[in-house]
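Undergrad: Next come a sequence and a model predicted from it.
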Amino acid sequence: MSILLLGNLSDDVTDEEVRALLVRYGLPTFDHMAQIEGDGSRPAFTLSFERLGDETLQRLAARIHDVFWKGNKISALVLRERFN
């Protein structure tokens, strides 16, 4: 399982709009979406992909990182687990 952090989204974005954006740029449909709590000025979401590895998701995330969408330049970062 891999997790993508999408940040700096518009505050009125819907799950369906995010899904459509990802499909338009060649990413698969996410399995789960959760909003990150914050002050609401730059909404962020985590998207879980059950069938993707981190390396594959990293290559795909590069397609949408820094894309200007709905009035904002979005960020797309793959979250990785670190083991000590």
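TA: Alright, I've got the coordinates.
Undergrad: Residue 38: neighbour count?
TA: 10 (other C-beta atoms under 10 Å). C-beta: built from backbone N, CA, C; applies to glycine.
Undergrad: element containing it?
TA: Under the criterion DSSP states H and E, no helix or strand holds residue 38.
Undergrad: ok, now residue 6?
TA: Assigned by DSSP H and E, residue 6 falls within strand 2-7.
Undergrad: My read is that residue 77 contacts residue 2, right?
TA: No: the pair residue 77 / residue 2 is not scored as a contact, 11.4 Å apart, by C-beta atoms under 8 Å.
Undergrad: can you tell me which residues contact the residue lying closest to residue 9 once chain neighbours are set aside?
TA: Excluding the flanking residues, the one nearest residue 9 by C-beta to C-beta, 6 or more residues apart in numbering is residue 43, at 4.9 Å. Applying C-beta atoms under 8 Å, 6 or more residues apart in numbering, we find residue 43 in contact with 7, 8, 9, 10, 11, 13, 35, 36.
Undergrad: so what pLDDT did residue 43 get?
TA: Reported pLDDT at residue 43 in the predicted model: 83.
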